[in-house]
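Enquirer: below: sequence and its predicted model.
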Amino acid sequence: MESEEEKLPIIKWETVGKFNVYLFLMLVVCALLYYWIKPILPAFTERRERMEEIKPLRTEAKALLLTYEKALENPSAAIDKPVLWCVQNREEHAVSVGGAERKRLKVLNYPAMPLFLGSKHSACAEMLLVVTEISKTDTLPLITVKFMESFQ
């Protein structure tokens, strides 16, 4: 006579059905993730490549520690040097370092620069710039820079 264990089926079809449902749901979730991530991935890759390009400039700027005041004191040493300054950008003719109106900047490639009006907790955003020209007038000095990257 056959024992109780021999009568049980080898495959339990209700378990296989549940497995297929879970497998199908996992495939749907993976497909949705793929279609959600696919358009975003090039932007991440482009940003990473951009950060690698400017890494030497950022390292040099951190090593130089060039401030607005130091650039005004020794203009010839500051020309063509990268700087990391906290910049407030309200409009093209109202770009300043640290939100101080007396520390004016003229940005050569202004359309590439993001607006940063300031907020309740922050008056400026850290930006990588390259000093191109320094002019001291009777009223206020003006440093001309080329915008490289914003780190906000």
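Expert: Everything's here; your move. Numbers count the residues shown, from 1 in each chain.
Enquirer: got the domain boundaries for the chain?
Expert: Using automatic domain parsing, the domains assigned to the chain come out as 9-37, 54-150.
Enquirer: quick check: end-to-end length of the last one?
Expert: What that stands for is domain 54-150. Start-to-end span of domain 54-150 (C-alpha to C-alpha, to the nearest Å) is 11 Å.
Enquirer: which parts of the protein are helices?
Expert: 4-7, 13-37, 41-64, 68-73, 75-78 (DSSP state H).
Enquirer: in the last one, what counts as buried?
Expert: Read it as helix 75-78. Buried residues in helix 75-78, counted by 16 or more other C-beta atoms under 10 Å: A78. (Glycine included, C-beta is placed from N, CA and C.)
Enquirer: any low-confidence regions in this protein?
Expert: Along the chain, the model assigns pLDDT under 70 to residues 1-13, 118-122.
Enquirer: okay, the helices of the chain in JSON lines with distance to M148 next?
Expert: Formatted as JSON lines, the helices of the chain follow (distance: least, C-beta to C-beta, whole Å):
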{"stretch": "helix 4-7", "distance to M148": "74"}
{"stretch": "helix 13-37", "distance to M148": "28"}
{"stretch": "helix 41-64", "distance to M148": "6"}
{"stretch": "helix 68-73", "distance to M148": "16"}
{"stretch": "helix 75-78", "distance to M148": "15"}
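Enquirer: mind listing what the nearest residue to V130 once chain neighbours are set aside touches?
Expert: Counting by C-beta to C-beta, 6 or more residues apart in numbering, the nearest residue to V130 once its immediate chain neighbours are dropped is K146, at 4.6 Å. Going by C-beta atoms under 8 Å, 6 or more residues apart in numbering, K146 touches V107, L108, N109, L129, V130, T132.
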